[in-house]
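In: Got a sequence here, can you model it:
(one chain, ligands or ions: 1)
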Amino acid sequence: MSANGHKSAAVQLDDVAFSYGEATFRFDAAFPAGAITAVMGPSGSGKSTLLNLVAGFEAPQSGRVLIDGVDVSKAPPAARPVSMVFQENNLFSHLSVERNVGLGRSPSLKLTADDRAAISAALERTGLAGKQKRLPRELSGGERQRVALARVLVRDRPVLLLDEPFASLGPALRADMLDLVADLHGEKGMTVLFVTHQPQDAERIADHVVFLEDGAIAATGPARDFFAGTGPEAFQRYIGTQDGRSRDVARKPT
Ligand SMILES: Nc1ncnc2c1ncn2[C@@H]1O[C@H](COP(=O)(O)OP(=O)(O)OP(=O)(O)O)[C@@H](O)[C@H]1O
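Out: Residues are numbered from 1 along each chain as shown. The predicted model follows:
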């Protein structure tokens with residue numbers, strides 16, 4: 001718990017080693033409590049693997065995962081103080097919006113009056129009021145991700161893991177969703193690890209950047225350094241390959 005009463009917890013990977021066959025990973029990193037950290041890097045560099053180690057979907061072969069100073073390396077995902085939102089498939093297709101959100105409160109959907117009030121407030125907060133009886137297939141992609149965020153709100157865990165949650169949405173909608181995440185973060189103050197390939201998305205909401213290459217952390221630092229063009233050379237090279245096309249267009253003489 002931070003000084004302002006918000007729930008947050010530092011996340012630490014203490015010399016964590018892991019492998020998927022030939023693909024090996026070694027992560028030694030600290031994610032500050034209450035901050036939004038963008039996790040960036042080329043495809044296959046290990047961004048989702050890092051999040052899965054924090055969430056408990058994978059276990060380190062050596063080293064420790066600490067959340068709020070507590071070693072959770074052997075704890076199952078449900079026992080960790082973490083919520084996670086993926087690019088898709090966050091919702092159960094046969095359950096209504098309100099029941100999908102309710103799962104964040106009670107896995108058996110035995111909901112108290114307090115739970116129902118929290119669900120209703122979260123739906124209101126995420127712009128879903130009036131859509132509570134719909135099934136996921138009756139929603140747009142952006143609305144489905146709002147339902148996932150409403151569930152994050154009612155779960156009220158101190159760590160939020162976002163694995164490219166808005167990658168399939170258009171730029172304007174992505175900006176709206178990022179602003180919603182920033183607002184929720186402002187209210188709850190959770191520690192956020194946000195995987196994205198989009199520099200402008202990271203720049204919009206992140207305080208820090210962790211940059212991965214080949215299964216390890218190649219650079220970390222304040223977002224303002226990374227995006228002011230003064231960040232590590234490997235990151236600048238990565239960004240150059242990401243938005244090189246638009247820079248070429250901008251450079252053309254008029
Ligand atoms: N379940 C798995 N079994 C075997 N190999 C895996 C598994 N998941 C990931 N890998 C491999 O581990 C490496 C890192 O994958 P990971 O998904 O963490 O990368 P990423 O940085 O998130 O990539 P992307 O940006 O493409 O999502 C890749 O080489 C991938 O093929």
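In: what about the residue nearest to Ser48 when sequence neighbours are not counted, neighbour count?
Out: In this structure, Ser48 finds its nearest non-sequential neighbour in Asp163, 5.6 Å apart by CB to CB, 6 or more residues apart in numbering. Yep, even glycine has a C-beta here, placed from its N, CA and C like the rest. Neighbour count of Asp163, defined by other CB atoms under 10 Å: 20.
In: pLDDT of the helix or strand where Phe226 lies, averaged?
Out: Element membership of Phe226, judged by DSSP states H and E, is helix 223-227. Average pLDDT, helix 223-227: 91.
In: in it, what's buried?
Out: Buried residues in helix 223-227, counted by 16 or more other CB atoms under 10 Å: Ala223, Phe226, Phe227.
In: To which secondary structure element is the closest residue to Val65 other than its chain neighbours assigned?
Out: What sits nearest to Val65 in space, not counting adjacent residues and going by CB to CB, 6+ apart, is Ser73, at 4.9 Å. Applying DSSP H and E as the criterion places Ser73 outside every helix and strand.
In: Val147: which element?
Out: Secondary-structure element containing Val147, defined by DSSP H and E: helix 141-155.
In: Could you export that helix as CSV, CA atoms only?
Out: What follows is helix 141-155, C-alpha atoms only, in CSV (Å, rounded to 0.1, in the frame of the first residue of the first chain):
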residue,chain,number,x,y,z
GLY,A,141,-13.6,-5.4,-30.1
GLY,A,142,-13.1,-2.2,-28.1
GLU,A,143,-16.2,-2.9,-25.9
ARG,A,144,-14.9,-6.4,-25.2
GLN,A,145,-11.6,-5.0,-23.9
ARG,A,146,-13.7,-2.5,-21.8
VAL,A,147,-15.3,-5.6,-20.2
ALA,A,148,-11.9,-7.0,-19.4
LEU,A,149,-10.9,-3.6,-17.8
ALA,A,150,-14.2,-3.6,-15.8
ARG,A,151,-13.2,-7.0,-14.4
VAL,A,152,-9.7,-5.6,-13.5
LEU,A,153,-11.5,-2.9,-11.6
VAL,A,154,-13.7,-5.2,-9.5
ARG,A,155,-10.7,-7.6,-8.9
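In: what's the spacing between that helix and its chain's center?
Out: The chain centroid and the centroid of helix 141-155 are separated by 12 Å, computed with CA atoms, centre = their mean, to the nearest Å.
In: for stretch 114-122, same thing?
Out: 23 Å.
In: Identify the residues contacting it?
Out: Where contact means CB atoms under 8 Å, 6 or more residues apart in numbering, the residues beyond stretch 114-122 that reach it are Glu98, Val101, Gly102, Arg105, Ser106, Leu111, Ala129, Gln132, Ala150, Arg151, Leu153, Val154.
In: Ok, stretch 52-63 next?
Out: Contacts of stretch 52-63 from elsewhere in the structure, counted by CB under 8 Å, 6+ apart, are 11, 13-19, 27-28, 49, 65, 67, 72-77, 79-80, 82, 84, 159, 161, 193.
In: Filter the residues you listed down to the buried ones and hand me the ChimeraX line.
Out: A single ChimeraX command selects the buried members of the contacts of stretch 52-63 (16+ other CB under 10 Å):
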select :11,13,14,16,18,27,49,65,67,72,73,75,80,82,84,159,161,193
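In: For this protein, which residues score under the pLDDT cut-off?
Out: When residues are selected by pLDDT under 70, those of the chain lie in 1-6, 241-254.
In: Which positions in it make contact with the ligand?
Out: The interface of the chain toward the ligand, taken as CB under 6 Å from any ligand atom, is made up of Tyr20, Ala23, Gly41, Ser43, Gly44, Ser45, Gly46, Lys47, Ser48, Thr49.
In: With that, I have no additional questions.
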